[in-house]
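Engineer: any chance you could fold what I've pasted below:
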Amino acid sequence: MTIMSRRGLLGAATAGAAVSMLPGQGARAAAPFRNDQAPAWHRFRWGEFEATVVSDGYLPLGKPQDSFVGPGANQIPTLLTNEFLDPGAATLEQNALVLNTGRQLILFDTGMGESMGADSKMWGPTTGRLLQNMRAAGIEPEQIDMVIATHAHCDHIWALVDGDGRRVFPNAQVAINEADVKFWTDDGNKKGPAFMATFVEGAKKNLGAYRDRLVMVRDGQEVVPGITGVFAPGHTIGHTVYFITSQGRTLVNSGDLAHHQVLLLRYPMMEFSFDTDPKQSARTRSRMLDRLASDRHEVLSYHFPWPGLGHVRREGEGFAWVPSPTNVTTL
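Structural biologist: Sure thing, here's the model as predicted:
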């Protein structure tokens, strides 16, 4: 029997490796680019409830200074650069929540949808993905018992109906603040910024299809057991956040209380150009962020980085966002 030395073994291994890398030899490691992503949904338990965050896709706003103005706006490039974000572009997520209470299946906000044709893609092709991501999560629109809207803007209710005006959620009621319904279905409010006319037409089409199924949300009262609406006006006249409580734990669905996890937390009095009343919105935001920091409740923010779950803490003269870890073994 021949015994090969350690040096000989190493030499043989090296030679073998060299041979396998010759052109036309060995395994083919190259593969085509996939250019796709996994469906965007995240599921977790909240007390006795089961919650699923579903993405409607991201919403690119463009130059930050076009949307974020007022106190602190001169700090925008520095703030974004320090957080390793593009100082020339603001990008928002759209994190819708589906809550299974054991009795009802409830969707909070609907995303952009396709009801308004080309206007539904006013921010490009990356929105309007709620339904496909819901279905990937095993949820069909026919199963939704109630849609709870934080407010009546395009990216929150325009998927209530399809392009032909048919109900996307045929078995659902729609819960929303009455002041928002009246304001956004009133042709008299088409004046002002150019987007107002489109927003009003979209609200009329989408809410009108559910006129016999509307549930009016009242400040401080339960919409259904475990879900309480709390008015947070300014972004719209009837903007509402929702406190979701089960087994002593509270998750706050903050809707559009703040659109950006850096800009509007570090400078809560900064204004957002799509606010109905920017100054009232800033006051509401500052007050509610202070409450969230004090209560230490977990927060689901519609527009913060996916999946929008985290906590608010005080930092300097403002606040900071602390994302929650998302662990696939929590169920």
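Engineer: can you pull out the helices in the stretch 101-250 of the chain?
Structural biologist: Counting by DSSP state H, counting those that start in this stretch, one finds helices in the stretch 101-250 of the chain at the ranges 130-136, 154-157, 178-184, 195-208.
Engineer: can I get those helices in a markdown table with mean pLDDT, distance to Val252 and mean neighbour count?
Structural biologist: Backbone N, C-alpha and C define where each C-beta goes, glycine included. Converted to a markdown table, the helices of the stretch 101-250 of the chain look like this (pLDDT from 0 to 100; distance: least, CB to CB, whole Å; neighbours: other CB atoms under 10 Å):
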| stretch | mean pLDDT | distance to Val252 | mean neighbour count |
| --- | --- | --- | --- |
| helix 130-136 | 98 | 21 | 19 |
| helix 154-157 | 98 | 16 | 28 |
| helix 178-184 | 98 | 19 | 20 |
| helix 195-208 | 97 | 25 | 19 |
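Engineer: and these: which comes nearest Leu292?
Structural biologist: helix 154-157 (20.1 Å; CB to CB).
Engineer: ok but Thr91 is inside a strand, no?
Structural biologist: Yes. Checked against DSSP: H, G, I helix; E, B strand; the rest coil, Thr91 lies within a strand.
Engineer: that one contacts Lys63, doesn't it?
Structural biologist: No. Assessed by CB atoms under 8 Å, Thr91 is found out of contact with Lys63, at 11.6 Å.
Engineer: between these two, which has more neighbouring residues?
Structural biologist: Using other CB atoms under 10 Å as the criterion, Thr91 and Lys63 rank with Thr91 on top: 17 against 12.
Engineer: phi, psi for Arg287 please.
Structural biologist: Backbone torsions of Arg287, given as degrees, to the nearest 10, read phi -70, psi -50.
Engineer: quick check, pLDDT for it.
Structural biologist: Looking at Arg287, its pLDDT is 98.
Engineer: repeat for Pro305
Structural biologist: 97.
Engineer: that one and Asn253, how far apart?
Structural biologist: 16 Å (CB to CB, to the nearest Å).
Engineer: who's more crowded, the two?
Structural biologist: Asn253 (26 against 18).
Engineer: just grab the bridge partners of the more buried one for me.
Structural biologist: Tyr242, Leu300 (DSSP bridges).
Engineer: quick one, what contacts Gly229?
Structural biologist: 175, 177, 217-223, 240-242 (CB atoms under 8 Å, 6 or more residues apart in numbering).
Engineer: let's see 6 Å
Structural biologist: By CB atoms under 6 Å, 6 or more residues apart in numbering, the contact set of Gly229 is 217, 223, 240, 242.
Engineer: and those residues, which of them are buried?
Structural biologist: 217, 223, 240, 242 (16 or more other CB atoms under 10 Å).
Engineer: a markdown table for the helices of the stretch 101-250 of the chain, including distance to Thr236?
Structural biologist: Shown next, in a markdown table, are the helices of the stretch 101-250 of the chain (distance: least, CB to CB, whole Å):
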| stretch | distance to Thr236 |
| --- | --- |
| helix 130-136 | 20 |
| helix 154-157 | 9 |
| helix 178-184 | 5 |
| helix 195-208 | 10 |
